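*Asks:* Sequence and predicted structure below; questions after.
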Amino acid sequence: MKFSTVILHLFISGAAASSVRRDGGRNLDETTLFTKAGKSGAKASKAAKVFKGSKAGASVPADDAAASVGGMNTSPVHIAGYDNSVRLLKREGIIDSIPTSICEKHRDVEEGAEPVHGKNVILVVGDGMGWEMIRAGAIAKQVITELEGMGVDIKEGATGDVADAAKAAFAGRSLGDYYTEGKGSGLSFQDLSGFNVMTTTVPIIGEPNDGNHYGPARSFLGNVEEHDNGMEELIVGADGNPLVFDPRDVLKGGNMVQWDDVKGGMHPWDPNYFNSAMGLPTDPSFDPEFIMQHAIDSANSASAYATGVKTGVNMMGVDLYEQPVRSILEEALSCDKSGGIMTSVPILHATPAAFVTHTNYRKNGHHLQDGYKETKPTWAMGTCASIYQPSDEMKQAMMPGGSLSEEFTFLHQDPDVLAENFYDSIQDLDPDDGKKVLACFGGEYSTSGNDNMPYRGLDSSYLDRWCSVGIIDKDEDDVTIGITPNSTICNHWPEEELKNIPVMKDHVKEALKFLGKDDDGYFLMIEQGDIDWAAHGDHMDDLLGAMLDIDDIVAEVKDWIDNNGGYEKNALYITADHDHYLTLMDHFPEVVANMIIDGMSHNITPESNTCTNAWDEAIGAGRHEDDTQSQTEHLADFSTWSDEDIQNVAHFFGPWGAGGNGWGSHTTRPVVIHHEGDDGCLDALVGKGYRVLGTDVEGSPGKLDQVHLNACMMKNLFAL
């Protein structure tokens with residue numbers, strides 16, 4: 001009993017932003033947060049991690065008064081106004097006052113006044129979908145449309161007069177014939193009226209990772225991979241005192257990785273990224289390696305969208321002290337709205353899981369499965385593979401006769417059920433009656449065991465792609481010295497299974513049809529996760545197929561919105577959780593067209609590709625400690641594309657000079673967001689700051705941050 005009482009007390013005192021009112025809404029009052037400090041003062045546990053140096057953050061003086069929380073000592077840091085999105089909206093003047101409840105139905109309504117009702121909110125996340133990925137997809141779609149109009153078979157190509165005419169039409173076609181900056185056009189979401197640039201900043205607690213490769217997976221309790229939520233002492237500074245958050249940039253001794261317009265460019269389309277590849281001069285202050293330092297991951301990025309709270313790499317649904325923070329989906333459910341997640345990758349992979357779980361480590365299987373069990377989203381769909389799925393016990397309980405069978409309908413891939421009939425059994429179900437749906441594909445439910453939904457290539461077929469593997473070359477001391485490519489032609493997906501699996505846009509259609517029956521409204525997060533998987537592998541064929549897929553998804557969403565109240569009743573947001581490092585060369589449109597005309601579109605990914613993370617291999621070989629070469633030069637030693645390959649495919653990953661496939665990781669480059677129905681909220685937050693653990697973090701000029709998106713989704717969903 002004593003242990004239970006302690007934990008309850010910590011959750012109430014240490015996670016004020018996630019306190020729950022009896023009416024189901026969040027406690028919206030201003031609060032003071034007390035944070036656990038383990039053993040007091042200079043007698044901090046010897047097991048506590050000690051960090052030295054400016055990047056570790058400031059420590060709390062041991063002589064200050066410490067409060068007792070549930071029998072445990074706390075740090076003397078009183079953080080007034082521990083932030084949430086509602087308070088951010090009030091502070092920035094977006095809303096006039098904080099309502100008595102997050103739920104519209106529980107608010108006091110003046111006599112004679114009409115009750116308010118929020119909008120349905122739909123968030124579409126292209127995982128890893130940076131501005132350049134969008135441009136690549138937009139150009140590819142327009143090239144395909146034009147070629148089809150000329151009689152070219154996109155899957156088979158063309159010959160004779162048709163081929164000659166098509167190649168002549170695209171001769172000399174360049175990026176400038178499409179667009180070179182801003183919103184652009186060509187994809188279904190690029191005609192939405194709203195468009196902004198958004199930073200993807202990450203906190204750095206303690207020392208950075210080797211080679212500054214991603215932000216460290218560390219909270220104020222240390223390495224998150226080594227313990228469950230909250231189950232560790234607070235880390236301390238060299239003086240033995242607990243660290244506290246410093247909102248300054250990491251380069252100035254603080255804990256935030258801030259964007260720098262000079263080193264990284266004011267926009268993702270900054271010409272310096274392209275000038276180097278074209279032999280043009282670049283700004284001497286511009287640093288092409290800047291965006292490769294301390295990148296965010298999908299877990300803490302999606303967590304910012306889900307909760308409005310910044311947290312560390314690998315963490316989701318918790319703050320930097322590993323205390324749980326409620327997500328917008330959980331808030332929706334608490335207000336009798338519906339809440340759904342759906343993805344082209346595993347259901348409880350980082351992006352969807354951030355909306356339904358609370359974990360300090362994205363690979364903690366029991367956290368993921370317990371989170372889904374506790375949240376019980378109205379709709380969940382994706383692949384069910386490995387630990388990234390609801391537990392077998394819960395799925396069994398959903399089967400006919402099981403304890404959850406009245407509430408849940410569990411659907412899964414079945415060789416005897418065709419794609420067009422997959423959702424037949426849910427057509428009469430209604431979330432207003434408490435009904436929920438779980439749909440599983442891949443993994444144990446397929447003969448192939450794939451972790452992804454079917455993904456196509458540039459030609460929209462599921463056949464003929466380069467399956468690339470890198471063979472690691474080592475010296476006599478077992479140190480990696482290079483990578484040898486080994487590629488074979490394979491298929492994107494087993495052809496015999498395609499007949500049993502709806503395409504993503506059809507899954508989206510069914511989700512919208514089901515959730516749209518909820519009279520109180522709904523929140524839905526849709527992820528196209530294959531964009532990220534393709535970019536990690538430097539695989540343009542897969543990437544362009546995934547971009548065509550998200551184009552179809554958003555077109556389906558827009559059609560539903562047009563037929564269900566328009567943007568007065570719905571708010572739509574399309575964005576990415578982070579960027580990678582792709583650069584298109586000027587002749588990219590001509591190359592795409594010629595490969596399609598020749599029936600060889602899979603060659604948009606070179607045969608020499610390896611799907612290997614070059615900087616991971618370089619760090620493993622100790623190159624991050626070798627100052628005799630630049631980071632770019634080190635990457636080139638682990639790249640396998642030739643100069644001819646780069647010219648043939650007209651694009652490269654990583655900085656110019658790194659060899660074409662010399663990256664394979666995320667970057668800190670800002671992403672873009674397209675939106676409609678937001679009613680001016682995001683535009684009003686451009687350039688504004690935000691708070692992390694009650695401390696003010698500066699905003700980036702001309703840009704949003706990810707926490708602002710959560711705030712505006714909350715405003716629209718709950719009519720704040």
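*Replies:* Received it, and whenever you're ready, just let me know what you need.
*Asks:* Distance-wise, check Asp519 relative to His117.
*Replies:* Separation of Asp519 from His117 (Cβ to Cβ, to the nearest Å): 10 Å. Where C-beta positions appear, they are placed from N, C-alpha and C, glycine not excepted.
*Asks:* Mind pulling up the pLDDT for Ala62?
*Replies:* If you check Ala62, the pLDDT there is 38.
*Asks:* wait, Ile553
*Replies:* 98.
*Asks:* State the distance from it to Gly660.
*Replies:* To Gly660, Ile553 is 30 Å away according to Cβ to Cβ.
*Asks:* is it true that Leu88 touches Ile98?
*Replies:* No - the pair Leu88 and Ile98 fails to qualify as a contact (Cβ atoms under 8 Å) at a distance of 10.8 Å.
*Asks:* who has more neighbours, these two?
*Replies:* Neighbours per residue (other Cβ atoms under 10 Å) separate Leu88 from Ile98, with Leu88 holding more: 24 against 16.
*Asks:* Mind listing what's buried along the helix or strand where the more buried one lies?
*Replies:* Here Leu88 sits within helix 85-91, counting by DSSP states H and E. By neighbour count with 16 or more other Cβ atoms under 10 Å, helix 85-91 contains the buried residues Ser85, Val86, Arg87, Leu88, Leu89.
*Asks:* Need the pLDDT of the third one.
*Replies:* Okay, so that is Arg87. 95.
*Asks:* give me the number of residues near Ala113?
*Replies:* By other Cβ under 10 Å, neighbour count at Ala113 equals 8.
*Asks:* can you check Tyr423 too?
*Replies:* Neighbour count of Tyr423, defined by other Cβ under 10 Å: 23.
*Asks:* Skip the chain neighbours and tell me the closest residue to it.
*Replies:* Glu510 (4.5 Å; Cβ to Cβ, 6 or more residues apart in numbering).
*Asks:* correct me, but the one you found touches Asp424?
*Replies:* No - if you go by Cβ under 8 Å, Glu510 and Asp424 don't touch, sitting 10.1 Å apart.
*Asks:* between the two, which one's more packed in?
*Replies:* Between Glu510 and Asp424, counted using other Cβ under 10 Å, the more crowded position is Glu510 (20 against 11).
*Asks:* Where does the more buried one sit, in terms of helix or strand?
*Replies:* Short version, using DSSP H and E: Glu510 is in helix 504-515.
*Asks:* Now for the residue most central in space within the chain: which residues touch it?
*Replies:* With distances taken as Cα atoms, centre = their mean, Asp577 lies nearest the centre of the chain, 3.1 Å away. Listed by Cβ atoms under 8 Å, 6 or more residues apart in numbering, the contact set of Asp577 reads Val125, Asp127, Gly128, Thr200, Ile296, Ser298, Ser301, Ala302, Tyr305, Thr351, Asp532, Val671.
*Asks:* just Tyr214 next, same as before
*Replies:* Tyr214 is in contact with His294, Ala295, Ile296, Asp297, Val313, Ser665, His666, counting by Cβ under 8 Å, 6+ apart.
*Asks:* The residue nearest to Glu495 when sequence neighbours are not counted: how many residues sit nearby?
*Replies:* In space, and not counting its chain neighbours, Glu495 is closest to Tyr462: 6.4 Å by Cβ to Cβ, 6+ apart. Neighbourhood size, Tyr462 [other Cβ under 10 Å]: 18.
*Asks:* mind listing what Tyr462 touches?
*Replies:* Contacts of Tyr462 (Cβ under 8 Å, 6+ apart): Pro454, Tyr455, Arg456, Asn491, His492, Trp493, Glu495, Leu498.
*Asks:* Now it: which helix or strand?
*Replies:* Going by DSSP H and E, Tyr462 is not in any helix or strand.
*Asks:* for the one 10 residues further on, same thing?
*Replies:* Secondary-structure element containing Ile472, defined by DSSP H and E: strand 465-474.
*Asks:* Quick one: mean pLDDT for stretch 361-372?
*Replies:* 96.
*Asks:* tell me which residues in that stretch are buried?
*Replies:* Tyr361, Arg362, Lys363, Asn364, His367, Leu368, Gln369, Asp370, Gly371, Tyr372.
*Asks:* With stretch 100-113 instead?
*Replies:* Going by neighbour count (16+ other Cβ under 10 Å), the buried part of stretch 100-113 is Ser101, Ile102, Cys103, Glu104, Lys105, His106, Arg107.
*Asks:* Likewise for stretch 683-690?
*Replies:* The neighbour-count check on stretch 683-690 (16+ other Cβ under 10 Å) flags Ala684, Leu685, Val686, Lys688, Gly689, Tyr690 as buried.
*Asks:* same deal with stretch 152-169?
*Replies:* For stretch 152-169, using 16+ other Cβ under 10 Å, the buried residues are Val152, Ile154, Gly157, Ala158, Val162, Ala163, Ala166, Lys167.
*Asks:* Can you tell me which of these is nearest Pro216?
*Replies:* Pro216 lies nearest to Ile154 out of the buried residues of stretch 152-169, by Cβ to Cβ, at 44.6 Å.
*Asks:* check contacts around the closest one.
*Replies:* Ile154 makes contact with Ile144, Leu147, Glu148, Asp459, Ser460, Ile596, Ser601 under the criterion Cβ under 8 Å, 6+ apart.
*Asks:* 6 Å - rerun?
*Replies:* Ile144, Asp459, Ile596 (Cβ atoms under 6 Å, 6 or more residues apart in numbering).
*Asks:* Against Glu496, how distant is the closest residue in space to it that isn't next to it in sequence?
*Replies:* Take Ile154 and drop its neighbours on the chain: the residue closest to it by Cβ to Cβ, 6+ apart is Asp459, 5.2 Å away. Applying Cβ to Cβ, the value for Asp459 to Glu496 is 20 Å.
*Asks:* Please say which of these two ends up with more neighbours.
*Replies:* Asp459 (26 against 10).
*Asks:* By residue count, which helix of this protein is the longest?
*Replies:* In the chain, assigned by DSSP state H, the helix with the most residues is helix 540-562.
*Asks:* Give me the buried positions along it.
*Replies:* For helix 540-562, the buried set under the neighbour-count rule, 16+ other Cβ under 10 Å, comprises 540-554, 556-558, 560-561.
*Asks:* so how far is the helix or strand just after it from its chain's centroid?
*Replies:* Heading C-terminal from helix 540-562, the first helix or strand you meet, by DSSP H and E, is helix 566-569. Distance of helix 566-569 from the chain centroid (Cα atoms, centre = their mean, to the nearest Å) equals 26 Å.
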